[in-house]
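In: starting from these lines, generate the structure:
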Amino acid sequence: MIYFLGCFLFVPVAAAEVYIIVNTTIPVSALSKNELRDIYIGKRTIWNGNLKIVPVIAPSLSLHDEFVLKYTRKSSSQFKIWWLKLVFSGEGAFPKTASSEKEMIEKVSENEGAIGYVSSEINTDRVKTIVIYDKDEMIKTFEKSKGTDNE
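Out: Numbering: from 1, shown residues only. Purely as a prediction, here's the structure:
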């Protein structure tokens, strides 16, 4: 019986869904995963149109770990160390922080240029949800479709 129960300890848990939200002043409706990564590791700091990017994070939420791993390819501790190095070297300012998803929505809606993440789709005019796509996967799909006769 102990063996039977132990089998369930290794069943993978479905990953939480992550939705990317931005301030309504942001002139984009989609970003590639690489663009989002560059924003959240401080490599991209300006939106098109010279609007400063204001990343918002929620380190106290379990969603934060999922977001950081999925989009920056870093653990939460690596992410924090990365930002501390940028801050102490004078190359960046630590992202704004939120303590809840409600506060995340508030901070993104109140700060021009802000971007953040939540665990469910948002139905409000205070922020907008944008699409995140995998550019490499799109290229592979396109290349595959070129080889087939679609007529």
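
In: residues in contact with the residue nearest to residue 41 when sequence neighbours are not counted?
Out: Residue nearest to residue 41 in three dimensions, not counting chain neighbours: residue 72, with 5.6 Å by Cβ to Cβ, 6 or more residues apart in numbering. In short, each C-beta sits where N, CA and C put it, glycine included. Listed by Cβ atoms under 8 Å, 6 or more residues apart in numbering, the contact set of residue 72 reads 37, 40, 41, 79.

In: just the buried members of those residues?
Out: Buried members of these, counted by 16 or more other Cβ atoms under 10 Å: 37, 40, 41, 79.

In: pipe the residues you listed into JSON lines and attach secondary structure and pLDDT per row.
Out: Output for these, formatted as JSON lines (DSSP: H, G, I helix; E, B strand; the rest coil; pLDDT from 0 to 100):
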{"residue": "37", "secondary structure": "helix", "pLDDT": "97"}
{"residue": "40", "secondary structure": "helix", "pLDDT": "97"}
{"residue": "41", "secondary structure": "coil", "pLDDT": "96"}
{"residue": "79", "secondary structure": "helix", "pLDDT": "96"}
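
In: which stretches of the protein form helices?
Out: Under the criterion DSSP state H, the chain contains helices at 2-7, 33-40, 62-72, 76-89, 101-110, 135-146.

In: for the protein, which spans come out with low pLDDT?
Out: In the predicted model of the chain, residues 1-16, 138-142, 147-151 satisfy pLDDT under 70.

In: and the residue lying closest to residue 34 once chain neighbours are set aside, how far from residue 51?
Out: Nearest non-adjacent residue to residue 34, counting by Cβ to Cβ, 6+ apart: residue 135, 6.4 Å away. Noted for residue 135: a distance of 23 Å to residue 51, by Cβ to Cβ, to the nearest Å.

In: right, I'll call it a day here.
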